[in-house]
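Student: The following block contains a protein sequence and its predicted model.
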Amino acid sequence: MPEARTPAQIEADIVRRREQLAETLDEIGVRMHPQTIIGDAKARVASAVDHTAGRAFVAVNRLVTDVKDGLRHEDGAPRFERIVPVALLAVGVVGLLVASSRRKR
């Protein structure tokens, strides 16, 4: 049979639980404050952007490396049979962009 608690023990338990409840309510207040919510959302977005930007950088870097490797022989000499068509394509795209921008004016 459990030992009977004294009124002082019960009162001390009530005081302790009130303090715990006050701490919990303060923590909820901080977490639910609009500035805290905004700060957390900004941090999540920044993290997602950093992650996405990092993945994009890796993908672009890999693509550039692959293209460079495709335009050179293993000994490092240029592969003109691949460079010339790429250069002509680039000049054509730039020419189309210039012609398109002049039409809009």
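Tutor: Everything's here; your move. Numbering: from 1, shown residues only.

Student: quick one: the lowest-mean-pLDDT helix or strand in the chain to chain centroid distance?
Tutor: When each helix and strand of the chain is scored by mean pLDDT, DSSP states H and E, helix 80-104 comes last, with a mean of 91. Distance of helix 80-104 from the chain centroid (C-alpha atoms, centre = their mean, to the nearest Å) equals 34 Å.

Student: Please name every helix or strand in contact with that helix.
Tutor: Using 3 or more C-beta pairs under 8 Å, 6 or more residues apart in numbering; DSSP states H and E as the contact test, no helix or strand touches helix 80-104. No exception for glycine: its C-beta is placed from N, CA and C like everyone else's.

Student: Identify the residues contacting it?
Tutor: Helix 80-104 is touched from outside by Gly70, Leu71, with contacts defined as C-beta atoms under 8 Å, 6 or more residues apart in numbering.

Student: measure Arg35 to Thr24 for me?
Tutor: You called it Arg, but residue 35 is Gln. Relative to Thr24, Gln35 is positioned 20 Å away (criterion: C-beta to C-beta, to the nearest Å).

Student: ugh, wrong one, Asp75
Tutor: When Asp75 is compared with Thr24 (using C-beta to C-beta), they lie 70 Å apart.

Student: Give me the more crowded residue out of the two.
Tutor: Remark: of Asp75 and Thr24, Thr24 carries more neighbours, 10 against 5, as counted by other C-beta atoms under 10 Å.
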